[in-house]
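Novice: I need the structure of the sequence given here:
(2 chains, ligands or ions: 2)
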Amino acid sequence: MAKSIDVSDLDIYYGDFKAVEDVTMTIPARSVTAFIGPSGCGKSTLLRSLNRMHEVIPGARVEGKVVIGGQSLYDADVDPVEVRRQVGMVFQRPNPFPTMSIYGNVLAGNRLNSRRMKRSEADDIVERALRGANLWTEVKDRLTKPGAGLSGGQQQRLCIARAIAVEPQVLLMDEPCSALDPISTSAIEDLIHELKSEYTIVIVTHNMQQAARVSEDTAFFNLAGAGLPGRLVEMDSTKKIFSVPEDPSTEAYISGRFG
Amino acid sequence: MSAPTTAAWPTPPKKRRMGDLLFAGATRTAASIILVALAGVAIFLTVEGLPGLTAPPERMGGEATFLAYVWPLVFGTLLAAFIALLIATPLSIGVALVISHYSPRRLAKPIGYLVDLLAAVPSVVYGLWGIAFVGPALVPVYRWLEENLGFLPFFSGPASGTGRTILTAGIVLAIMALPIITAICREIFAQTPTLHQEAALALGATRFEMVRMAVIPYSKSGIVSAVMLGLGRALGETMAVALVLSATRIVTWDVIASTSPSTIAANIVLGFPEATGLGVNVLIATGLVLFVITFAVNFTARLIVARSEKGLVR
Ligand SMILES: Nc1ncnc2c1ncn2[C@@H]1O[C@H](COP(=O)(O)OP(=O)(O)OP(=O)(O)O)[C@@H](O)[C@H]1O
Ligand SMILES: [Mg+2]
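Specialist: Ligands and ions are numbered 1, 2, ... in the order given. From the prediction side, this is the model:
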C-alpha cells in the first residue's frame, strides 16, 4: 500500500510570499527520505504541501504538481480530507488530544471514517498500532488513562500510533524527535526503521546523524538569500550526500561549516 | 471576586517605589469598593426584606405565607431563564463557531461586530420588540404547537391570542443573552491550540469533525462559564419581561398560554409603583430571594467549571 511521491515544478506561497520555489523530486516508496537544510528554507512548508495541510493556513497556496501513487493531489476534484486520510503526519511537538484517553487517541482517525466498529475490532486496531509504535508494553495496562499523561517521548510514539492506525500510504514526520531525549529519540528511530517496510516515510530533521542513520535518500534545501524562496539544492542517496555531495553548499552544511 | 494581590514577593518596605504604592492602593480601593457595594446590597435587602417575610396576607396577593407568595415567581424566573438558555446556548455556540472557524476572515469581523451590537440595545427596546413583533408573529406558531403537540404539558394551551407568553419572554431573553455567550465562546474557540486542530485535520477530519474533536472538548469549561454569565443576564432581566408578561403568579408548565408565570424582577418593577408600607418590604424580600438564586447559580457554575477543568489534563 506504500506509494511513491512525484513532485514537479512546485512553488509554495504564503499569501504573496513565495516560500519554496521550483521543487522537482521523486520520493521512492517503502523507504525513508530525509529533508535537511537550514532553518527557514521551507522543509516544513514542502512537507505540509504533501498532504494538503499547507492550505489550512489562511492565504496559503501551491502551484505545481504533486502525484502520489498516480493520483494528482491538487486536481480540482480531489478532496483534501481524503488526501489527509491517506497521507499521515507526525508533528514536531507531540499533540495527543488532551481530553481523550490513550485508547481514544489511537482510534481518533479510525473513528473519523465514522464506520461502526465492533469492540473487538477496535481493540485489535489499538493493539496493532501501539505495537507498531513500540508503545504497547508501556501503556497496555492504562489504555483508559489520558494520553497527555504520558512522557514526551511516549506521547510522540502515541501520535505515531494514531497516524499508523488508519494505515496510511505515506507517513510525513516533521522533526519528530526534536522535543525528545536521546533514549526516546533512539526508540523512534528504531521505529522508523521498522515502519519503512510498510510505509513511504518522509522525515524532516536538523540532526545530521539522524538523517544519516535512518534515511535511504536525502534532499538538501537551501535559501538563495534572506527573503528569497527556499530551493531544492540536491537529492541523492544518503550515502552519496554525506560522502561526496555534488554541491559545495551541501558539503558545507553537512560538515557544519555553514553560515 | 477575591481582592487582587499586588506584590508577589514581599519587598522591604523602604524600597517600595511611589508608583507601586499608588497602584497597590488604587487596586485595593477598587476591590474594597466592590465588596462594600455587594455587602451594602446584601444588608439592605436583608434589613428591608425581613419585615416582608411576615407581612399579612393582604400585602402578599392573598397568600398566607411569604413562601407561597414567592414560589410562583421563583418558578417563573427559573422557567424563563431556562427557556432562554435552551435557545441561546446552541445558537451562541453556532454563531461563535461561524465567526471563529467557518466564515472567511473578511466576514468574521463584521458578524462579530453585529453580535456585539445586540448587547448595546437597551432592554426596553427588546421588551417593545417582544410585544409588538415577536409575540404577534408567534401566535400562529403557538396555535400550531397547541394543535399538534398539545399532548405535551408545555403546549397544552389554550394558546395565547396576543403571543405575550413566557415562551415569547424566553425568546426575547435568549436574544439578549446571545451576545455575551457568543462573545465569550468566540474568544475561547479562537484560543484552541493550533497544534490540536492540526492534529485532527492531519488525521483527515472535516472541519466539523475537527471542531468536535479538538475545539469543543478544549472549550467545555469556558462554554459553561459563558452560559452562566448569560444565565445571569436572563435571571436578572427586568424590563423586557415586565413588558411582555403581565404579573400573574401562577405555576404552570404551559409555556404558550396567555396567563404565564411572571418573574421576580418583572414582578418588582410592575408592583413597586403601587406598593406601600409592608408591600415594599415584601417586594424587597423577593429581591433578596433573586439575589440568593443568582449567587447560588453562579457558585454552582464555578463548581462545575472547576470540576471539569480538573478532568482536563493540561
Ligand atoms: N504560517 C506562515 N505564514 C507566513 N509565512 C510562513 C508561515 N510559516 C512559515 N513561513 C515562512 O516560510 C518560510 C519557510 O518556513 P518553514 O517553516 O517551511 O521552514 P523550515 O525549513 O521548516 O524551518 P525550520 O527548520 O526552522 O523548521 C520561512 O521564510 C517562514 O518565515
Ligand atoms: Mg520546520
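
Novice: how about low-confidence regions in the chain?
Specialist: If you meant another chain, say so; for now it's chain A. A:1, A:113-115, A:257-259 (pLDDT under 70).

Novice: Not quite, go with chain B.
Specialist: For chain B (pLDDT under 70), the answer is B:1-16, B:247, B:308-314.

Novice: Have a look at it and report its longest helix.
Specialist: Using DSSP state H, we find that the single longest helix of chain B is helix B:18-53.

Novice: buried stuff in that helix?
Specialist: B:31, B:45, B:48, B:49, B:52, B:53 (16 or more other C-beta atoms under 10 Å in any protein chain shown). No exception for glycine: its C-beta is placed from N, CA and C like everyone else's.

Novice: next one: stretch B:267-274
Specialist: B:267, B:268, B:269, B:270, B:271.

Novice: how about those residues in a markdown table, adding secondary structure?
Specialist: Below are the buried residues of stretch B:267-274 laid out as a markdown table (DSSP: H, G, I helix; E, B strand; the rest coil):
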| residue | secondary structure |
| --- | --- |
| B:267 | helix |
| B:268 | helix |
| B:269 | helix |
| B:270 | helix |
| B:271 | helix |
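
Novice: What is the nearest of these to ligand 1?
Specialist: residue B:269 (53.7 Å; C-beta to the nearest ligand atom).

Novice: show me what contacts the closest residue in space to the closest one that isn't next to it in sequence?
Specialist: Spatial nearest neighbour of residue B:269, chain neighbours left out: residue B:242 (4.6 Å); criterion: C-beta to C-beta, 6 or more residues apart in numbering or on different chains. Applying C-beta atoms under 8 Å, 6 or more residues apart in numbering or on different chains to residue B:242 gives the contacts B:127, B:265, B:266, B:269, B:270.

Novice: Go again with 10 Å.
Specialist: Residues near residue B:242 by C-beta atoms under 10 Å, 6 or more residues apart in numbering or on different chains: B:123-124, B:127, B:169, B:262-263, B:265-271.

Novice: swap in residue A:111?
Specialist: A:104, A:117, A:122, A:165, A:166, B:203, B:205, B:209, B:213.

Novice: which bits of the stretch 1-150 of chain B sit near ligand 1?
Specialist: The stretch 1-150 of chain B has no residues near ligand 1, with proximity defined as C-beta under 6 Å from any ligand atom.

Novice: For chain A, what's the nearest residue on the stretch 1-150 of chain B?
Specialist: Chain A sits closest to residue B:105 of the stretch 1-150 of chain B, with a gap of 6.3 Å, by C-beta to the nearest C-beta.

Novice: Roughly how far does that residue sit from ligand 1?
Specialist: Residue B:105 sits 14 Å away from ligand 1 when distances are taken as C-beta to the nearest ligand atom, to the nearest Å.

Novice: next one: residue B:151
Specialist: For residue B:151, the distance to ligand 1 - C-beta to the nearest ligand atom - is 57 Å.

Novice: what sits against that residue?
Specialist: So residue B:151 contacts nothing (C-beta under 10 Å, 6+ apart).

Novice: How about the residue of the stretch 1-150 of chain B closest to chain A: what's its closest non-neighbour residue?
Specialist: Per C-beta to C-beta, 6+ apart, closest to residue B:105 is residue A:58, 6.3 Å.

Novice: Helix, strand, or coil at the one you found?
Specialist: Applying three-state DSSP: residue A:58 is coil.

Novice: Around it, how many other residues sit close by?
Specialist: 9 (other C-beta atoms under 10 Å in any protein chain shown).

Novice: Please look at it and residue B:103 and confirm they touch.
Specialist: No: with contact defined as C-beta atoms under 10 Å, residue A:58 does not reach residue B:103; the gap is 11.8 Å.

Novice: Surely residue A:171 is within a helix?
Specialist: No: counting by three-state DSSP, residue A:171 is not part of a helix but strand.

Novice: mind listing the helices for chain B?
Specialist: Using DSSP H, helices in chain B cover B:18-53, B:66-97, B:105-120, B:123-129, B:135-149, B:166-190, B:194-202, B:207-210, B:216-236, B:239-244, B:264-271, B:278-311.

Novice: err, the stretch 151-259 of chain A, not the other one
Specialist: Along the stretch 151-259 of chain A, the segments classed as helices by DSSP state H, counting those that start in this stretch run A:152-165, A:182-195, A:208-214, A:238-243, A:248-254.

Novice: So which of the ones you listed is nearest chain B?
Specialist: Once the helices of the stretch 151-259 of chain A are compared by C-beta to the nearest C-beta, helix A:152-165 is nearest, at 7.0 Å.

Novice: what's the angle from the closest one to helix A:182-195?
Specialist: 20 degrees (axes from the mean of the first three to the mean of the last three C-alpha atoms, to 10 degrees).

Novice: Let me know whether helix A:152-165 sits next to chain B.
Specialist: Yes: applying C-beta under 10 Å from any C-beta of the partner chain, one finds helix A:152-165 touching chain B at A:159, A:162, A:163, A:165.

Novice: filter those residues by proximity to ligand 1?
Specialist: Of the residues of helix A:152-165 next to chain B, not one also sits near ligand 1 (C-beta under 6 Å from any ligand atom).

Novice: How about residue B:289, nearest residue that isn't a chain neighbour?
Specialist: residue B:70 (5.5 Å).

Novice: rewinding a little: now for the residue nearest to residue B:105: which residues touch it?
Specialist: Neighbours of residue A:58 in contact, by C-beta under 10 Å, 6+ apart: A:14, A:15, B:104, B:105.

Novice: can you check residue A:246 too?
Specialist: A:220, A:233, A:234, A:236, A:240.

Novice: Take these and keep only those in strands.
Specialist: A:220, A:233, A:234, A:236 (DSSP state E).

Novice: In chain A, what residue lies closest to chain B?
Specialist: residue A:85 (3.3 Å).

Novice: list the helices and strands the strand or helix carrying that residue packs on?
Specialist: Per DSSP states H and E: residue A:85 is located in helix A:80-86. Using 3 or more C-beta pairs under 10 Å, 6 or more residues apart in numbering or on different chains; DSSP states H and E as the contact test, the elements touching helix A:80-86 are strand A:60-68, strand A:71-72, helix A:102-112, helix B:194-202, helix B:207-210.

Novice: Which strands or helices does the helix or strand following it pack on?
Specialist: Proceeding N to C from helix A:80-86, the next assigned helix or strand is strand A:87-90, under DSSP H and E. Helices and strands touching strand A:87-90, by 3+ C-beta pairs under 10 Å, 6+ apart, are helix A:152-165, strand A:170-174, strand A:200-204, helix B:194-202.

Novice: ok, 8 Å please
Specialist: Under the contact criterion of 3 or more C-beta pairs under 8 Å, 6 or more residues apart in numbering or on different chains; DSSP states H and E, strand A:87-90 touches helix A:152-165, strand A:170-174.

Novice: now check the shortest one, is it near ligand 1?
Specialist: No: looking at strand A:170-174 against ligand 1 by C-beta under 6 Å from any ligand atom, there are no contacts, and the closest approach is 7.3 Å.

Novice: Direction-wise, compare that strand with strand A:60-68 and give the angle.
Specialist: Going by the same axes, to 10 degrees, strand A:170-174 makes 140 degrees with strand A:60-68.

Novice: CA-only coordinates of strand A:170-174 in CSV, if you can.
Specialist: What follows is strand A:170-174, C-alpha atoms only, in CSV (Å, rounded to 0.1, in the frame of the first residue of the first chain):
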residue,chain,number,x,y,z
VAL,A,170,2.7,7.8,3.3
LEU,A,171,3.9,9.0,6.7
LEU,A,172,5.2,12.5,7.0
MET,A,173,7.3,13.5,10.0
ASP,A,174,8.3,17.0,10.8
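
Novice: which bits of the stretch 51-200 of chain B sit near chain A?
Specialist: B:105, B:193, B:195, B:196, B:198, B:199, B:200 (C-beta under 8 Å from any C-beta of the partner chain).

Novice: Mind checking which of the contacts of residue A:58 are in strands?
Specialist: residue A:14.

Novice: Nearest to residue B:41 among the contacts of residue A:58?
Specialist: Among the contacts of residue A:58, residue B:105 lies closest to residue B:41 (C-beta to C-beta), at 43.4 Å.
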